[in-house]
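1. Based on what follows, work out the 3D shape:
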Amino acid sequence: MSYSVVWFKRDLRVHDHAPLIDAAQRGPLLCLYVVEPSLWSQPDCALQHYLFLRESLRDLYRQLRQCGAELQIAVGELTEVLARLHAASPFERLLSHEETGNGHTFARDRAVAGWCVQHRVTWQEWAQHGVVRRLPTRDVWHARWQAHMHAPCLPAPAPGSLQGRALPWSPQPWPDPQALGLAEHDPPRRQRGGRTLALQVLQAFLQERSQRYRGGISSPLGAATACSRLSPYLALGCLSMREVVQTTEQRMRQLEACEAPGASWQRQGLAAFVSRLHWHCHFIQKLESEPAMEYRNLHRGYDGLREDEWDDAHFEALVAGRTGWPMVDACVAMLRETGWLNFRMRAMLVSVAAYPLWLHWRPVGLWLARQFLDYEPGIHWSQLQMQAGTTGINTTRVYNPIKQARDHDPQGHFVRRWLPSMRRVPDAWLWQPWLMPADLQARCGVRVGEEIPVPPVDLENATRIAKARVHALRARPEVRAAKAGIVEKHGSRLQRDTGRRPRRSSSAATGVEARQQSLDF
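-> Below you'll find the model as predicted:
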């Protein structure tokens, strides 16, 4: 009997899952997830991603069983698994969501497409998020996003309604993480995976935590609870973007009719949250439209700006959390412990790496991809290049880590929480502890150069030189001339996503992205 294979990738749910619903309407189906060793050997993959995935798949297994099917786990390269399955039990249709992942998944999907053509298997894909494959022009993107987000969510299959099939071979054990080369540590306080937890986090945010969203997402002190914390669940598709948008807008309507104190403020926070969900897809669309931006400068006029001046000592200080700038080192410590950091502090890390430390964004980006539990390639590489100043269409963004500490951690609570040595540093020296006099160090029991690192460069001087180099390059006629084409292909057409009419001028599109301040979810 003919059957369909539903290939789960980063869409680990049964709710609002078009491939699953389509297959169920056609008859028998096999629900497949493939653990691909080559994917997990990529330099942007980490142990925490693998463990979060396993937790999410266990939850998906329970969801599918309630619907009458079982999730089938196979281990191997995708085309090899499909070939083995097709040889033992031929199928006619492969159904999945589209994926805008890293370069490896892009090449993998092209290989799958070729295999399907060769074996006369129909591969049908559905849109995921609000990203448009083969987008003809950015002028139509917002309308497409709106149409996708406000189409009805598809309900989960009814209990017992699926005609599930099993793989024609014995179940394979989960590969050991070390066998996949995943030896880095698992942050002990990271979020756990699965749709069940994702729904709990969503409801807690909509009902209560969103009251602190406006004004609370910039500071690392409050952002951990003020932000939605939905990003890792969106990255693996435990929730669909559409259901998050629609559930949030429903909550906004409830608050609009509510006279309780703070309802208006909370509604405004949720409106800002929906706007950032729009930006989520806007940035992923850039990688979809230009996959090479994962590896090379979006504006090729910036090639060679930093690549040939790599400094191992600077990078090692950053990775070890030993730059000497307390806010930077505290953020690295938090990442190690939790796998999460709010957007402003992420931007500060990239800015410090790109300007005073003068590090190329690609190696820094690979390191951060492994640190972020919610790593989403489209957002990640777009933001790395924007913060590093190599897009050619954004204003220079330079975050001074001393100013950021004063603005967002004025009492030093965050820094002292994550850097035990800073607990012995007096308030007067909190921002520049390496300047403490020797006699004060002795009285406090800290030593500059040991417990307190000395910054590898003079922050003000190194930043000034770096900005001058970037601005000098940006001023070249050939670099300025190439900007218009990048804006036309990638620039936003909206004024802060307010639904206003698109603007076509280069300056308008550039200004929109220059004012975009946050991608916190």
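
2. In terms of secondary structure, what does the strand or helix carrying Glu488 contact?
-> Glu488 is part of helix 483-490 when elements are defined by DSSP states H and E. Judged by 3 or more Cβ pairs under 8 Å, 6 or more residues apart in numbering; DSSP states H and E, helix 483-490 is in contact with helix 263-289, helix 506-515. (C-beta placed from N, C-alpha, C; glycine too.)

3. ok and it relative to helix 263-289, angle-wise?
-> 110 degrees (axes from the mean of the first three to the mean of the last three Cα atoms, to 10 degrees).

4. just so I have it, where are all the helices in the stretch 151-300 of the chain?
-> Assigned by DSSP state H, counting those that start in this stretch, the stretch 151-300 of the chain shows helices spanning 195-207, 213-216, 223-226, 231-235, 241-256, 263-289.

5. what does the fifth one contact?
-> Put plainly, it is helix 241-256. If you take Cβ atoms under 8 Å, 6 or more residues apart in numbering as the criterion, helix 241-256 is touched by 15-16, 128-130, 148-151, 153, 202, 206-207, 210, 230, 234, 263-264, 266-267, 270-271, 273-274, 277, 280-281.

6. Which among those residues count as buried?
-> 15-16, 128-130, 148-149, 153, 202, 206, 210, 230, 234, 266-267, 270-271, 273-274, 277, 280-281 (16 or more other Cβ atoms under 10 Å).

7. that older thread, comparing the helices of the stretch 151-300 of the chain, which comes out most buried?
-> helix 231-235 (a mean of 24; mean count of other Cβ atoms under 10 Å).

8. For Glu294, see how far away Ala107 is.
-> 12 Å (Cβ to Cβ, to the nearest Å).

9. Which one's more surrounded, those two?
-> Glu294 (22 against 12; other Cβ atoms under 10 Å).

10. what sits against the residue lying closest to that one once chain neighbours are set aside?
-> Among residues not flanking Glu294 along the chain, Trp381 sits closest, at 4.8 Å (Cβ to Cβ, 6 or more residues apart in numbering). When contacts are counted by Cβ under 8 Å, 6+ apart, Trp381 touches 287, 293-294, 365.

11. and Trp381, what helix or strand is that in?
-> Per DSSP H and E: helix 377-388 holds Trp381.

12. Contacts for the helix or strand containing Pro19, please.
-> Using DSSP H and E, Pro19 sits in helix 18-26. Here helix 18-26 makes contact (Cβ under 8 Å, 6+ apart) with 4, 6-7, 11, 14, 29, 31, 93, 95-97, 124-126, 154, 157, 161-163.

13. Which of those fall in strands?
-> 4, 6-7, 29, 31, 93, 95-97, 124-126 (DSSP state E).

14. Low-confidence ranges, the protein, go.
-> Flagging of the chain using pLDDT under 70 yields the residue ranges 1, 494-521.

15. Most distant residue from the centre of it?
-> Taking Cα atoms, centre = their mean, the residue of the chain most remote from its mean C-alpha position is Asp439, at 45.7 Å.

16. Same question for it, what's its three-state structure.
-> helix (DSSP: H, G, I helix; E, B strand; the rest coil).

17. which ones are touching the nearest residue to Arg300 once chain neighbours are set aside?
-> Distance criterion Cβ to Cβ, 6+ apart; nearest residue to Arg300, sequence neighbours excluded, is Ala482 at 7.3 Å. Neighbouring residues of Ala482 by Cβ under 8 Å, 6+ apart: 299-301, 392.

18. Are any of those buried, and if so which?
-> Looks like the contacts of Ala482 have 299, 301, 392 buried, using 16+ other Cβ under 10 Å.

19. Extract the CA atoms of the helix holding Pro19 and return them as CSV.
-> Written as CSV, here are the backbone C-alpha positions of helix 18-26 (Å, rounded to 0.1, in the frame of the first residue of the first chain):
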residue,chain,number,x,y,z
ALA,A,18,0.8,21.1,7.3
PRO,A,19,2.9,18.1,6.1
LEU,A,20,1.5,15.9,8.8
ILE,A,21,-2.1,17.0,8.1
ASP,A,22,-1.7,16.5,4.4
ALA,A,23,-0.2,13.0,4.8
ALA,A,24,-3.0,12.0,7.2
GLN,A,25,-5.6,13.0,4.7
ARG,A,26,-3.9,10.7,2.1
